[in-house]
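Participant: Let me see the structure of the following:
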Amino acid sequence: MLKKFSREYLDIINSEFLGLNLTRIESYDDFYLKQVLDSTLPFECMSISDSLDQCQVVLDIGFGGGFPLLPLALINPEQSFIGLEAREKKVKAVRSIASKLNILNVSVHHLRSEGVLIDLPTMITFKAVGMVTTCLKLLNVAAPCFVLCYKGPNYHQEEQYDAPNGWKLIAEESIELPGVEGRVALLYENVPRGTFKKYNKKLVKLSELI
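Facilitator: A predicted model of the protein is given here:
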């Protein structure tokens, strides 16, 4: 299923959206390994799959060419997925790709994470992100949440990954991809401190985007 999906996905990118830089990968095998499998393998880890079971929705922030958003939505058809992306052209492209691939449990939006109030139990994903602490601080969280960060094998050397106040690191999983540089999945959980703080009423509620 995933290999067929991967081939069709890359064909659509190369035929209709070639100028948008949705991926730099050209071969089917590399696309399957580095985009599709790289997106889905972390969810085979028990710590991550168990956390997903506690969530009502998966929120992918900065999905770019649709990763990990669309591969995850494909393998979890009963789960609701929301994607946020700052570049409108990529939002429109990924919306079209999801439709062509018949992925119906995805909603994508031209929004930044700092403009959204996460008011549902949510699994949040960041792939190819910058500093973990910066990403966590941008989140407006008003419900129990997990955050999954996809990082390279040298992330220890690249940044201080200690969680900011209100978050704790609960799992660190090494992901093995054949012939591909290693991947590390970092799973964070927000730590409620009594009642959640009040947020700007102008924020868009995540529950309104499903």
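Participant: Check what contacts whichever strand or helix holds residue 10 and list those residues.
Facilitator: Using DSSP states H and E, the element containing residue 10 is helix 2-16. Residues from elsewhere that reach helix 2-16 (C-beta atoms under 8 Å, 6 or more residues apart in numbering): 22-23, 25, 28, 31-32, 35-37, 40, 65-66, 70-71, 74-75, 93, 96-97, 100-101. Where you see a C-beta, it was placed from the backbone N, CA and C, and this is true even at glycine.
Participant: Buried only: go through those residues for me.
Facilitator: Buried members of the contacts of helix 2-16, counted by 16 or more other C-beta atoms under 10 Å: 22-23, 25, 31-32, 35-37, 40, 65-66, 70-71, 74, 93, 97, 101.
Participant: Mind checking which of the contacts of helix 2-16 land in helices?
Facilitator: 28, 31, 40, 70-71, 74-75, 93, 96-97, 100 (DSSP state H).
Participant: For residue 118, state which of the residues you listed is nearest.
Facilitator: Proximity of those to residue 118 (C-beta to C-beta) peaks at residue 70, which lies at 20.9 Å.
Participant: Contacts only, for that closest one.
Facilitator: 9, 94, 97-98, 101, 103, 106.
Participant: repeat that for 10 Å
Facilitator: By C-beta atoms under 10 Å, 6 or more residues apart in numbering, residue 70 lies in contact with 5, 9, 35-36, 39, 60, 63, 81, 83, 94, 97-98, 101, 103, 106, 108.
Participant: Next secondary structure after the lowest-mean-pLDDT helix or strand in the chain?
Facilitator: When each helix and strand of the chain is scored by mean pLDDT, DSSP states H and E, helix 155-158 comes last, with a mean of 64. Heading C-terminal from helix 155-158, the first helix or strand you meet, by DSSP H and E, is strand 167-175.
Participant: buried set for that following strand?
Facilitator: Buried residues in strand 167-175 (16+ other C-beta under 10 Å): 167, 171, 173, 175.
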